[in-house]
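Engineer: Return a 3D structure for these sequence lines:
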Amino acid sequence: MLGRERRHERRERREGGGGTRYQMRQRMISIGDDYVIENDRGERVFKLDGKALRVRKTILFEDIDGHELCKIQERMLRVRDSMEIEGPDGKRLAMVHKAMITPLRDR
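Structural biologist: A predicted model of the protein is given here:
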């Protein structure tokens, strides 16, 4: 019962926290992976522009006016797959690595 109770408490905190919720929608016809992110009032607030035909999978995270907020690049064919997140000035903001040992699922 402890696990179920903890999940219920986390769900209540998420829903009752008063934070903004976002929903991501994929465009029906696009070259590459293009998405629009809307807030809980249905207003478009961000765009994800997936660049097609590149060696590395690249996603530009932009505000609704088209100003680049960050760039996400997937780095494959390494010991651990990773994603590098860069700011608009090209500086690294974060590096996300896939877990080495995942017996039941991807992490």
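Engineer: can we go C-alpha only for contacts and neighbour counts from here?
Structural biologist: Fine.
Engineer: Show me where this structure has its strands.
Structural biologist: 22-26, 34-39, 44-51, 58-63, 68-75, 82-86, 92-97 (DSSP state E).
Engineer: what's the least confident stretch among the ones you listed?
Structural biologist: Comparing mean pLDDT across the strands of the chain, the weakest is strand 22-26, with a mean of 75.
Engineer: ok so, going back, turn the strands of the chain into CSV, including mean neighbour count.
Structural biologist: As requested, the strands of the chain are exported to CSV (neighbours: other Cα atoms under 10 Å):
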stretch, mean neighbour count
strand 22-26, 14
strand 34-39, 18
strand 44-51, 20
strand 58-63, 21
strand 68-75, 19
strand 82-86, 18
strand 92-97, 13
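Engineer: Reformat those into TSV and put distance to residue 11 next to each item.
Structural biologist: Rendered in TSV, the data for these read as follows (distance: least, Cα to Cα, whole Å):
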stretch	distance to residue 11
strand 22-26	16
strand 34-39	19
strand 44-51	24
strand 58-63	27
strand 68-75	29
strand 82-86	28
strand 92-97	25
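Engineer: out of the ones you listed, nearest to residue 5?
Structural biologist: Between residue 5 and the strands of the chain, the shortest separation by Cα to Cα is 25.5 Å, and it involves strand 22-26.
Engineer: Neighbouring strands - and their directions - for the closest one?
Structural biologist: According to DSSP bridges, strand 22-26 forms sheet pairs with strand 34-39 (antiparallel).
Engineer: isn't residue 51 right up against residue 58?
Structural biologist: Yes - counting by Cα atoms under 8 Å, residue 51 does reach residue 58; the two are 5.5 Å apart.
Engineer: From residue 57, how far out is residue 75?
Structural biologist: Applying Cα to Cα, to the nearest Å, the value for residue 75 to residue 57 is 8 Å.
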